[in-house]
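In: Predicted coordinates and the sequence they were generated for:
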Number of protein chains: 2
Amino acid sequence: MLEKIDQAVLDLLDEVRHRTLNRMQASYDIDLKSSYKDLVTTVDKENDQYISTRLHEIDPGSRVVSEEGFGDEVATLTGHVWIVDPIDGTMNFVMQHANFYIMIALYVDGKPTLGYIMDVIDGTVYHGGKKRGVFENNRRLTSPANNGLKDSLVALNSAMILNNAHNLREVAHQSRGLRMYGAAGMELVYVLTGQLGAYLSYLHPWDLAAGRVLAEAMGLVVKAIDAPSIDVLSSNLVLIATKQAADDVLALVN
Amino acid sequence: MLEKIDQAVLDLLDEVRHRTLNRMQASYDIDLKSSYKDLVTTVDKENDQYISTRLHEIDPGSRVVSEEGFGDEVATLTGHVWIVDPIDGTMNFVMQHANFYIMIALYVDGKPTLGYIMDVIDGTVYHGGKKRGVFENNRRLTSPANNGLKDSLVALNSAMILNNAHNLREVAHQSRGLRMYGAAGMELVYVLTGQLGAYLSYLHPWDLAAGRVLAEAMGLVVKAIDAPSIDVLSSNLVLIATKQAADDVLALVN
């Protein structure tokens, strides 16, 4: 049953990708959410509504948590819960017309089960789960080398670097270099592929859910910094890293 | 004559791209330069030597300034001077196998004349000059919107953000968002395309030369922060930005 659902979600992503690329050719509204640094567009909302509707059709009886709120009110993790980011990196979408993602995850009775991160522009989909392994399109990925912080590029939350929250500037100093891409999907994919050794940021459920499925399936560390464990339905300061980079970062952060 | 040279350099870039992609399939040496954050590989050196040799053939009597030193000793800007970065973003090349560039520029009697920035992985070349305009492969680029800092994503030197040099953290705070890609070529291209409104970093001659040609040809601001004007053969702290973002940034930096 999960196999059929999995294929249906991959088909859905392909469909939503083409809708999004077409939508970018026409005009769309851009609204401020919390500030001029936090945007939402018509495309986020349309994707949110469309994906939520289709997931209910693909997986009847499931519930959907989605960034723009067209899913369900979800307070418990019983059964099938889908977590959806209809446009991850909305600022990049608006300003760069590139470097934005669509992310979908399935949690079954709270367990990370299936994850999907799609680069909308080039169409690459990172997907899989603990049982099947993790794929870049049809190519199975091997786990990245277990590099430590000193041998890793890292992506760290920009506001936290500017404020030196949690001693993150020292983490940056001890790495091979600091990167900031402005989309959790991109930063998570880069940890999966070894292009980054660690990513640390404050993440909402839809920012983390898919990346967590894939990272854990590859034996990477996914750990809350601000709580004993990750709350799937809430937001956390989260580290995603190789085992060695995680040890090195955890020795520095406060 | 410049037209013939221009086509020969575009052909050379295509050739060096394929050499580089082939070279990445084999093993290569990685050496430290100034620190473990500053690398050089066999590929940088081979590209440097090859490009320098070919430029002397393409443009006899010209002189070549190149990062890895296989060009000439150049102390004056008389005549044709080529400035070459054989691999821009060597750390990305080594750690990410992506997000690295090859950059070539021609200065004639000190005047920015032709510039080339090539994304090695996808093969896109940004090229042109004041007379011909600026192209992304065969497509002529129009100048980006004159957005101010508040409506721009910005890329700022990571070491300077970590140390708050020149008040750069305030620049980041007042922007729409901070990005760090680790390759001047990428950051310069993103300013040309409007995907960033400003880029500020400490740049060596080979980091800046090509981007300066293209940015100035598009009416963008290219300005030294630490000196009255840019020294083509020396290193400077440089801002590349839209006119409005440049005004906004210059009001903040010290």
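Out: Everything's here; your move.

In: packing partners for the top helix by length along chain A?
Out: Secondary structure of chain A read by DSSP state H shows that its longest helix is helix A:2-25. For helix A:2-25, the elements it packs on are helix A:42-58, strand A:101-108, strand A:111-119, strand A:125-129, judged by 3 or more C-beta pairs under 8 Å, 6 or more residues apart in numbering or on different chains; DSSP states H and E. Where you see a C-beta, it was placed from the backbone N, CA and C, and this is true even at glycine.

In: Identify the residue nearest residue A:115 in space, chain neighbours excluded?
Out: residue A:213 (3.1 Å; C-beta to C-beta, 6 or more residues apart in numbering or on different chains).

In: For chain B, see how far away the one you found is.
Out: Going from residue A:213 to chain B by C-beta to the nearest C-beta, to the nearest Å gives 23 Å.

In: what does the model give whichever residue of the stretch 1-150 of chain A sits closest to chain B for pLDDT?
Out: Proximity to chain B, evaluated over the stretch 1-150 of chain A using C-beta to the nearest C-beta, is greatest for residue A:96 at 4.1 Å. What the model reports as pLDDT for residue A:96 is 97.

In: Can you give me the neighbour number for the residue nearest to it when sequence neighbours are not counted?
Out: Once flanking residues are discounted, residue A:96 sits nearest to residue B:195: 4.1 Å by C-beta to C-beta, 6+ apart. Residues near residue B:195, counting by other C-beta atoms under 10 Å in any protein chain shown, number 21.

In: returning to that earlier point: hang on, the residue of the stretch 1-150 of chain A closest to chain B packs against residue B:153?
Out: Yes. Using C-beta atoms under 8 Å as the test, residue A:96 is close enough to residue B:153 to be in contact (7.1 Å).

In: Sketch out the strands for the stretch 101-250 of chain A, chain order is fine.
Out: For the stretch 101-250 of chain A, strands defined by DSSP state E, counting those that start in this stretch occupy the ranges A:101-108, A:111-119, A:125-129, A:133-136, A:139-140, A:153-156, A:177-179, A:198-203, A:221-224, A:236-241.

In: check whether the shortest one contacts chain B.
Out: No. Between strand A:139-140 and chain B, judged by C-beta under 8 Å from any C-beta of the partner chain, nothing touches; the nearest distance is 14.4 Å.

In: And for the first one?
Out: No. Between strand A:101-108 and chain B, judged by C-beta under 8 Å from any C-beta, nothing touches; the nearest distance is 15.5 Å.

In: Output that strand as PDB, nothing but the C-alphas.
Out: The C-alpha trace of strand A:101-108 is given here as PDB (Å, rounded to 0.1, in the frame of the first residue of the first chain):
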ATOM      1  CA  TYR A 101      11.600  23.500  -3.200                       C
ATOM      2  CA  ILE A 102       8.400  21.600  -2.500                       C
ATOM      3  CA  MET A 103       8.600  19.200   0.400                       C
ATOM      4  CA  ILE A 104       6.200  16.500   1.500                       C
ATOM      5  CA  ALA A 105       6.600  13.900   4.300                       C
ATOM      6  CA  LEU A 106       4.500  11.000   5.600                       C
ATOM      7  CA  TYR A 107       4.600  10.200   9.300                       C
ATOM      8  CA  VAL A 108       2.900   7.000  10.300                       C
END
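
In: Partner strands of it and their direction?
Out: According to DSSP bridges, strand A:101-108 forms sheet pairs with strand A:80-88 (antiparallel), strand A:111-119 (antiparallel).

In: In the first one, which residues are buried?
Out: It stands for strand A:80-88. By neighbour count on 16 or more other C-beta atoms under 10 Å in any protein chain shown, the buried set for strand A:80-88 is A:80, A:81, A:82, A:83, A:84, A:85, A:86, A:87, A:88.

In: farthest-separated two in these?
Out: Farthest-apart pair in the buried residues of strand A:80-88 is A:80 and A:87; separation 23.2 Å (C-beta to C-beta).

In: got the strands of the stretch 101-250 of chain A as a markdown table, with mean pLDDT columns?
Out: Shown next, in a markdown table, are these (pLDDT from 0 to 100):
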| stretch | mean pLDDT |
| --- | --- |
| strand A:101-108 | 98 |
| strand A:111-119 | 98 |
| strand A:125-129 | 98 |
| strand A:133-136 | 98 |
| strand A:139-140 | 98 |
| strand A:153-156 | 98 |
| strand A:177-179 | 98 |
| strand A:198-203 | 98 |
| strand A:221-224 | 98 |
| strand A:236-241 | 98 |
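
In: Just put those strands in a markdown table and tack on distance to residue B:54.
Out: Compiled in a markdown table, the strands of the stretch 101-250 of chain A are given as follows (distance: least, C-beta to C-beta, whole Å):
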| stretch | distance to residue B:54 |
| --- | --- |
| strand A:101-108 | 40 |
| strand A:111-119 | 35 |
| strand A:125-129 | 39 |
| strand A:133-136 | 35 |
| strand A:139-140 | 35 |
| strand A:153-156 | 32 |
| strand A:177-179 | 31 |
| strand A:198-203 | 40 |
| strand A:221-224 | 47 |
| strand A:236-241 | 42 |
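
In: Could you point out which of these sits nearest residue A:35?
Out: Evaluated over the strands of the stretch 101-250 of chain A, closeness to residue A:35 peaks at strand A:198-203, with 14.9 Å, by C-beta to C-beta.

In: which helices and strands does the closest one pack with?
Out: Judged by 3+ C-beta pairs under 8 Å, 6+ apart, strand A:198-203 is in contact with strand A:153-156, helix A:158-163, helix A:168-174, helix A:184-192, strand A:236-241, helix A:243-250.

In: hmm, who's touching the fourth one?
Out: Contacts with helix A:184-192, where a contact means C-beta atoms under 8 Å, 6 or more residues apart in numbering or on different chains, come from A:85, A:88-89, A:99-103, A:117-119, A:126, A:134, A:141, A:144, A:155, A:179, A:181, A:195-199, A:201, A:203, A:207-208, A:210-211, A:214-215, A:218, A:220, A:240-242, B:96.

In: got JSON lines for the strands paired with strand A:101-108, with distance to residue B:175 too?
Out: Output for the strands paired with strand A:101-108, formatted as JSON lines (distance: least, C-beta to C-beta, whole Å):
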{"stretch": "strand A:80-88", "distance to residue B:175": "20"}
{"stretch": "strand A:111-119", "distance to residue B:175": "24"}
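
In: Residue A:235 is nearest to which of these?
Out: Shortest distance between residue A:235 and the strands paired with strand A:101-108, using C-beta to C-beta, is found for strand A:80-88: 12.3 Å.

In: How far off centre is the helix or strand following the closest one?
Out: Following strand A:80-88 in sequence order, the next helix or strand is helix A:90-96 (DSSP states H and E). Relative to its parent chain, helix A:90-96 has a centroid offset of 16 Å by C-alpha atoms, centre = their mean, to the nearest Å.

In: now swap in stretch A:169-189 and tell me
Out: Mean C-alpha position of stretch A:169-189 versus that of the full chain (C-alpha atoms, centre = their mean) differs by 14 Å.

In: who touches the closest residue to residue A:170 other than its chain neighbours in this structure?
Out: Nearest residue to residue A:170, sequence neighbours excluded (C-beta to C-beta, 6+ apart): residue A:252, at 5.2 Å. With contact set as C-beta under 8 Å, 6+ apart, residue A:252 has these partners: A:149, A:167, A:170, A:171, A:174.

In: And residue A:205, by the same measure?
Out: By C-beta under 8 Å, 6+ apart, the contact set of residue A:205 is A:65, A:83, A:232, A:233, A:234, A:235.
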